[in-house]
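Enquirer: pasting the structure only:
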């Protein structure tokens, strides 16, 4: 592909791609890229087109039609594929077993730790202020207490995780 051909086709391609992109639902840059690729393929097999400007207009329209067909044929997923794996029966059973093991370990913690960890795990998403008020401790001591309790929980769960 000669530099003069590229330089002469670039403004026309940009204008044609911009004009066709909105109706096809494609991005102008995507149409341009597809047409440049099509031109390179043509140059490798058949050589340069006799009428490069006419060929370029036809190629842009053909790529726009292809983009429209592709867009019409695409269907959105009812659910995301990643979500589908989480809803399989095996995954639900495993998740429930992990939650039960965690709750059992939390109940075995010493002192205020079970209440603190239960408050942190609460679906109500309590703030530190609410948790401190519920436990009757200062908000400033909640962080160190939480760290101590999580350390205890980690030590309790380590043998269980190693066994599995």
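Expert: Yep, that arrived. This is a predicted model, so every value here is computed, not measured. Residues are numbered from 1 along each chain as shown.
Enquirer: what mean pLDDT does stretch 157-164 have?
Expert: Model confidence over stretch 157-164, given as mean pLDDT, is 64.
Enquirer: domain ranges for the protein?
Expert: 3-73, 81-163 (automatic domain parsing).
Enquirer: deepest of these, which one?
Expert: Among those, domain 3-73 has the highest mean neighbour count (mean count of other CB atoms under 10 Å), at a mean of 15. Where C-beta positions appear, they are placed from N, C-alpha and C, glycine not excepted.
Enquirer: how far does that domain sit from its chain's centre?
Expert: Here the centre of domain 3-73 is set off from its chain's centre by 31 Å, with CA atoms, centre = their mean, to the nearest Å.
Enquirer: low-confidence stretches in this protein?
Expert: Along the chain, segments meeting pLDDT under 70 span 1, 76-86, 160-164.
Enquirer: do a quick rundown of the helices in it.
Expert: For the chain, the helices defined by DSSP state H occupy 3-24, 28-45, 52-73, 81-86, 89-107, 113-121, 128-135, 139-163.
Enquirer: who does the first one touch, helix- and strand-wise?
Expert: On a contact count with 3 or more CB pairs under 8 Å, 6 or more residues apart in numbering; DSSP states H and E, helix 3-24 meets helix 28-45, helix 52-73.
Enquirer: hmm, who's touching the longest one?
Expert: Going back to what we said before, that points to helix 52-73. Identification of contacts with helix 52-73 by CB atoms under 8 Å, 6 or more residues apart in numbering yields 5, 8-9, 12-13, 16-17, 20-21, 23-26, 30-31, 34-35, 38-39, 42, 49.
Enquirer: same thing with stretch 110-127?
Expert: The list of residues contacting stretch 110-127 from outside it, by CB under 8 Å, 6+ apart, reads 102, 106-107, 109, 130-131, 134-135, 137, 142, 145-146, 148-150, 152-153.
Enquirer: this completes my enquiry, with thanks.
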